[in-house]
Structure formats: structure tokens, C-alpha cells
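Asks: structure, please.
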Amino acid sequence: MTSGVYNNGKRKSNGYIFIKYPGHLRADVSGYVPKHTLAMEMKIGRFLTQHEVVHHINMDKLDCRSINLHLFKNPKTHMKAHGSIHKLIKPLIERGIIQLDKEKEVYFIEKKE
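Replies: This next block holds a predicted model:
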């Protein structure tokens, strides 16, 4: 994990927020746990198992509201969900709904009027 910005027991790294929680089962060597992990554990009332994966439904890694989090039973099912969204994108590109701005080199949604 890359080092991030530290602030009162919080750290941001790789687009995620980490919370200082030494001794937690999923704490890194510095004692930090992803905020989405802690949020999911609070939601379900237990620690996550070794294989469970927390997913951000809206793809915003900073949005750790319980309504935006889904718990997958393992990495395989999590990756299946990511693969399914990529399958949805191709038809949207083909229909011109999603387009590439070649100058800015980013995709955008075409607003039809």
C-alpha cells in the first residue's frame, strides 16, 4: 500500500480512507483498516470473514455509507460484478451514449436534448 495523507487517525491511500484501529483482524502493519471494512462490519454486526469483499456500489471509494456498500462472499463473485458492468458499457458506447473526448482523453455521457 502506498503511503497517504495522515490526519487524526485517518489516512487516505489508493483512493480509500483508512482508520487507525490497531489490533483489528484486517489492520495493516501500521494499524490501519479500510473505512469501508469497518462500516460493513458495523452494518452486519460481526467481523468480515477472510474471503469476504466489500464493494462500493457507486464505484466511489470514498463513499462508505452503508447504502452504498455490498458484501460479496469472495473475490470471485466481486470480480464477476465488476465484469458485468464492463459488459454494460460496450452497448452504451456503441449507441453513442458514452463517448470519448479525444482531446481530454476521458469518457463522458452524451446529453441528448
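Asks: and the closest residue to I97 other than its chain neighbours, how many neighbours?
Replies: Closest residue to I97 apart from its sequence neighbours, by CB to CB, 6 or more residues apart in numbering: E110 at 5.9 Å. In this view, the C-beta of every residue, glycine as well, is placed from N, C-alpha and C. E110: 10 surrounding residues under other CB atoms under 10 Å.
Asks: my guess is P34 contacts G15. True?
Replies: No. The pair P34 / G15 is not scored as a contact, 10.6 Å apart, by CB atoms under 8 Å.
Asks: the chain: strands as residue ranges?
Replies: Taking DSSP state E, the strands of the chain run over residues 5-7, 10-13, 16-20, 32-34, 53-56, 69-72, 98-101, 106-109.
Asks: turn those strands into a markdown table, columns for mean neighbour count and mean pLDDT.
Replies: A markdown table is the format used below for the strands of the chain (neighbours: other CB atoms under 10 Å; pLDDT from 0 to 100):
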| stretch | mean neighbour count | mean pLDDT |
| --- | --- | --- |
| strand 5-7 | 10 | 58 |
| strand 10-13 | 16 | 89 |
| strand 16-20 | 19 | 95 |
| strand 32-34 | 22 | 96 |
| strand 53-56 | 18 | 98 |
| strand 69-72 | 16 | 98 |
| strand 98-101 | 12 | 93 |
| strand 106-109 | 10 | 93 |
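Asks: rewinding a little: let me see the contact set for the residue nearest to I97.
Replies: G96, I97, I98, Q99 (CB atoms under 8 Å, 6 or more residues apart in numbering).
Asks: now, among the residues you listed, which is nearest to Y21?
Replies: I98 (38.8 Å; CB to CB).
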